[in-house]
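Engineer: Fold the following for me, if possible:
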Amino acid sequence: MVEIHLERTIAAPVDQVFDWLADPVNLAKAPLALKGSWAKGSSGPAAGAAREVIGAGTYFREEIPTYDRPHSYSYLIVRSVPPFRHEGGTLTFTAVDGGTHVDWLTNYTHPAWAGGRALEAVSRRLLRSSFTAILDACAKELAGQH
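Structural biologist: Modelled structure (predicted):
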């Protein structure tokens, strides 16, 4: 099982950081991501919504089972290329001196028939780097806006 856990404090109010990170358009700030959007027919930012992310050689459809603005939301990859067995991901937002503390945790595996542990070694590095790039873009774009 792969676990990716990142923490970052972003110098912006908690509601702004939450909204920025929950918006699938901003997921395309990762280097290999090309497009992020709410899925057709999705209710938008709320529990039960679905997001889609298209990247270089990747596709993810995520459902949002919990959405507690501005405290936390969770996502579950339900369809993907390459295939994932996603245990879920959660972003938690806490107001702190100087901004918002973001805690991002996700767990997954790849099925053996799709590359298993070998693919996990690659995807761990790529996803961790992508999540870091998304947090960096959030910090940069929200700096000075409050």
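Engineer: Quick check: phi and psi on the residue of the chain most remote from its centre?
Structural biologist: Centroid-distance maximum for the chain: Trp113 at 25.3 Å, with Cα atoms, centre = their mean. When read as degrees, to the nearest 10, the backbone of Trp113 gives phi -70, psi -20.
Engineer: let's have the chain start at 133 instead
Structural biologist: Happy to do that; since the first residue is 133 now, the last one works out to Trp245.
Engineer: Check the gap between it and Thr190 for me.
Structural biologist: 18 Å (Cβ to Cβ, to the nearest Å). Every C-beta, even on glycine, is put in place using the N, C-alpha and C of the backbone.
Engineer: picking up where we left off before, give the contact list for the residue farthest from the centre of the chain.
Structural biologist: When the contact criterion is Cβ atoms under 8 Å, 6 or more residues apart in numbering, Trp245 has no partners at all.
Engineer: What pLDDT is listed against it?
Structural biologist: Here the pLDDT value assigned to Trp245 is 96.
Engineer: try the one 4 residues further on
Structural biologist: Arg249 is assigned a predicted lDDT (pLDDT) of 96.
Engineer: Grab the nearest non-local neighbour of it.
Structural biologist: His242 (7.9 Å; Cβ to Cβ, 6 or more residues apart in numbering).
Engineer: what's the burial count for that neighbour?
Structural biologist: 21 (other Cβ atoms under 10 Å).
Engineer: Likewise for Arg257?
Structural biologist: Arg257 has 11 neighbours, counted by other Cβ under 10 Å.
Engineer: got it, and Ala171?
Structural biologist: So Ala171, with other Cβ under 10 Å, has 15 neighbours.
Engineer: Thr224 is in what secondary structure piece?
Structural biologist: Thr224 belongs to strand 217-228 when assigned by DSSP states H and E.
Engineer: no wait, Gln148
Structural biologist: helix 146-154.
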